[in-house]
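Novice: please work out how this folds:
(chains A and B)
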Amino acid sequence: MIYTVKSPALLIIGILMLIWGGLNNSGAVDGMQSYLQKSAYSDHMKVKEKFDAEMRVATEMAAAEGKPAPDMKVPASKFDHVKAYQAQLSFIFGGAFVLIGLFSLAWKPKQGNLDYYVSVVPGVAFILLIAFIVRWGLDPVFANWGKAVKDAGTLTWDFAKIFNLNYVVLGIVIGILVVNVFKIPAWAANGVRTARFFLKTGVILLGTLYSAAELAQLGALSVVMIGVFVLGSVGIVLFMGKRMGSPNSMTAVLSAGMGVCGVSATVAASPVVQAKAEEIAYTIGTILIWGVGCMFLFPTVGHILGMGPVQFGAWAGTGILNSAQVAGAALAFDPHGIETLKVAEIFNITRVLFLPLIVLWLAAWYVKHEEGAEKVNLAQVVVAKFPVFVLGFIAMFALSSVGTFAPAGHYAGKYFSSAEVKEDKLLKGKETRALEGELTRLREPESAQALSKYLVDKSVILEGHKVTAEEVYQALSDLIANKKVMTRQQNNILKSVAKMEGLDALAKGSIEKAGKAAMHDSKTIKAYRDWIAWLFAFGLIGLGMQITGKALKQAGGKPLIIGGVVGTLKAVGSLIVVLMFVKEFV
Amino acid sequence: MLAEALALDMAVPGQTLIVHLLVVPDFWAGMQGDDWLNNASTRDTFGSYVEGLLEKDVAQQLRALEGRCAERGIAYKSVMRQGDPAECLVETAAQEGASMVVIGPPRPKGTPGYRSRMDLEPLARKLTVPLIIANRP
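Specialist: Now for the predicted structure:
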């Protein structure tokens, strides 16, 4: 079978990308970019104004000394970086697509691996083009509209923020529209299927961004939450199914879908519990319709309730039935950070690890309740259903922990370095004087007692021991002497002290300023985060292209009733538990 | 079943050829939905399992009508298609040179079954032969 479909589409997509790269490089679209990248453009104007002022002074000084005007270069602004980044990506991918597009038009495909790989590229290019348009175009346009409507007083709230009209949601919506309204073009069909591969790659790479403590805390939280809600949902579905007189196969397949990870669990469990065709159709339709609805609803509710990344990630990871929409909702809630996605994906991984166990349980349940049911080889089920990509995630986490990709401690995207504090970020005279005043005051008996009490009350612990007042004095003395924070430990101590009531406002501000000056962005981790966000955006647009209206329409029958009840219980129950017991720690 | 019974009633042994069209609805193409957690082997197992179910169902229906036609001495031909039911019907009617098309009535609400109803408008617009809808007794 020949997979490659001859079409100029890939070449055209490549040319479009090259044109966009060229327009950015030449500055021809600066007007449009200044509207799309408003915050970066405002930085650009500040950099330009500062440069003009410096240039004027330097020119005047040079003129006064009878020297020629100095040759100064405008420093690159965020706006320049944004344009350069877009141009770079457009040139890399556009160039590759043009070359492969020309090759596929000239080449006579023969059956084999090369034919298959070439056939995948147009679909990948198609999704990437949509991702570019959505991330660089539609996302900022909607953000600007949302702000403009709010600023004009038409609405008192930002509709783009509340309805999460960001690149993730818009990308998924466009994916759904493409498959249902326009149909996926034949030349793109093979490539669109690679969305799963890119999503799994995103999860594997995400393994680099956790600390051991984070992973342990999130892992424990997810096991408890998923354990309770998965077992609870499976149990309720089995109970309701029996009470409503549903066939055993329908009850079993529905409980897998409702309990574990939606469509993935239905796909895994259907053959094992010998589900009938219409039962599969009803179940998948119900889960998809519920999942898509939750993906839009959850982030809005999360914003309204002011949830943090851990709370929202835990809620979405437990309450949303379908795993693809968990990732979608996490990124929709927090599209420009990755913290919520980090939490939600741990929940997804826990779910998929639960999957073989639940399939085993249902297989045993089905054999027990259904006369003449074929016995299942339990060991074979576990091996066949084991999610191999989770091993990749663990491997990346292990490699990252020993500092393979970036120095240890950089995983959070920021790292501490006293040596890299810039001259202009050092504390000024009045700031060190304010700190000296506070140090003297804190050494007085009454204040010293209050400080010790504060350290005990707030349980300020560092590297396993309780921080003492002496350590606070030392940290403050070093800060005053060096005009910058010297060690990560002292930074943590001072951060805790800055929260103490009664501290002088200037001293407090100085501690915060010194702390910020010593924290630096890790370029490697920043690049990782960016690539992971692209991989997820790509994967989710591709998965959106696999949600058909005809599949959604299959929702119905008893699965819809049971699904509605269990889905609501799970969403509301997990929300209550998260709000009551889960605190932010990432 | 009602369409089959009506077609059999109208058929003249030795003169009529019944072309039995069975459509596997195209929603099955999207029935793996957005599953991404499973590995390829699990998805293949699911695909083969569903294919097996549909094939079994189709074979059962074909055998049943073929047997009834043979009993009455009516010529019989089966056609299997995958896609939109209405589109498949219009195309098959044209390809097979059918002189009339018989379909069943819409399923009563609440009856279990796929949500893949025949869209009558394209049939009315595109069919070039009479369309007969069997009524429910």
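Novice: now A:Lys414: phi and psi?
Specialist: Dihedral pair for A:Lys414: phi -130, psi 150, per degrees, to the nearest 10.
Novice: residues in contact with it?
Specialist: A:Lys414 is in contact with A:Met519, A:His520, A:Asp521, A:Ser522, counting by Cβ atoms under 8 Å, 6 or more residues apart in numbering or on different chains. C-beta coordinates here come from the backbone N, C-alpha and C atoms, glycine included.
Novice: quick check, pLDDT for it.
Specialist: What the model reports as pLDDT for A:Lys414 is 77.
Novice: list the buried residues for the helix or strand hosting A:Asp139?
Specialist: Assigned by DSSP states H and E, A:Asp139 belongs to helix A:139-151. Neighbour-count burial for helix A:139-151 flags A:Asp139, A:Pro140, A:Phe142, A:Ala143, A:Gly146, A:Val149, A:Lys150 (criterion: 16 or more other Cβ atoms under 10 Å in any protein chain shown).
Novice: the first one reaches A:Tyr167, doesn't it?
Specialist: Read it as A:Asp139. Yes - judged on Cβ atoms under 8 Å, A:Asp139 makes contact with A:Tyr167 at a distance of 4.0 Å.
Novice: mutual contacts of these two, please.
Specialist: A:Pro335.
Novice: what's the helix or strand for residue 81?
Specialist: In the absence of a named chain, this looks at chain A. helix A:78-106.
Novice: the intended chain is chain B.
Specialist: Here B:Arg81 is assigned to strand B:75-83, by DSSP H and E.
Novice: that strand - what's its average pLDDT?
Specialist: Averaged across strand B:75-83, the pLDDT comes to 92.
Novice: and the strands in the stretch 451-586 of chain A, which stretches?
Specialist: Using DSSP state E, counting those that start in this stretch, the strands found in the stretch 451-586 of chain A span residues A:461-462, A:465-466, A:519-521.
Novice: of those, which is nearest A:Ile493?
Specialist: Closest of these to A:Ile493 is strand A:461-462, at 6.4 Å (criterion: Cβ to Cβ).
Novice: for the residue of chain B positioned farthest from its centre, what are its contacts?
Specialist: Here chain B reaches farthest from its C-alpha mean at B:Leu37, the gap being 33.4 Å by Cα atoms, centre = their mean. Residues near B:Leu37 by Cβ under 8 Å, 6+ apart: A:Cys261, A:Ser264, A:Ser323, A:Asn348, A:Arg351, A:Val352, A:Leu355, A:Pro387.
Novice: so what's the closest residue to it other than its chain neighbours up against?
Specialist: Distances taken as Cβ to Cβ, 6 or more residues apart in numbering or on different chains place A:Ser264 nearest to B:Leu37, at 4.0 Å, with adjacent residues excluded. With contact set as Cβ under 8 Å, 6+ apart, A:Ser264 has these partners: A:Asn322, A:Ser323, A:Val352, A:Leu355, B:Asp35, B:Trp36, B:Leu37, B:Asn38.
Novice: where does the last one fall, secondary structure wise?
Specialist: Assigned by DSSP H and E, B:Asn38 falls within no helix or strand.
Novice: quick check, central residue of chain B?
Specialist: In chain B, the centroid-proximal residue (Cα atoms, centre = their mean) is B:Leu22; its distance is 2.8 Å.
Novice: just checking: what are the partner strands of the host helix or strand of that residue?
Specialist: Counting by DSSP H and E, the element that carries B:Leu22 is strand B:17-25. In the sheet, strand B:17-25 lines up against strand B:75-83 (parallel) (DSSP bridges).
Novice: what's next to the strand it pairs with, contact-wise?
Specialist: So strand B:75-83 is contacted by B:16-26, B:28-29, B:58, B:62, B:65-66, B:69-70, B:88, B:91-92, B:96 (Cβ under 8 Å, 6+ apart).
Novice: the helix or strand of chain B with the lowest mean pLDDT - contacts with which helices or strands?
Specialist: None of the helices or strands of chain B scores lower by mean pLDDT, DSSP states H and E than helix B:120-126, at a mean of 88. Contact here means 3 or more Cβ pairs under 8 Å, 6 or more residues apart in numbering or on different chains; DSSP states H and E; on that basis helix B:120-126 packs against helix B:85-96.
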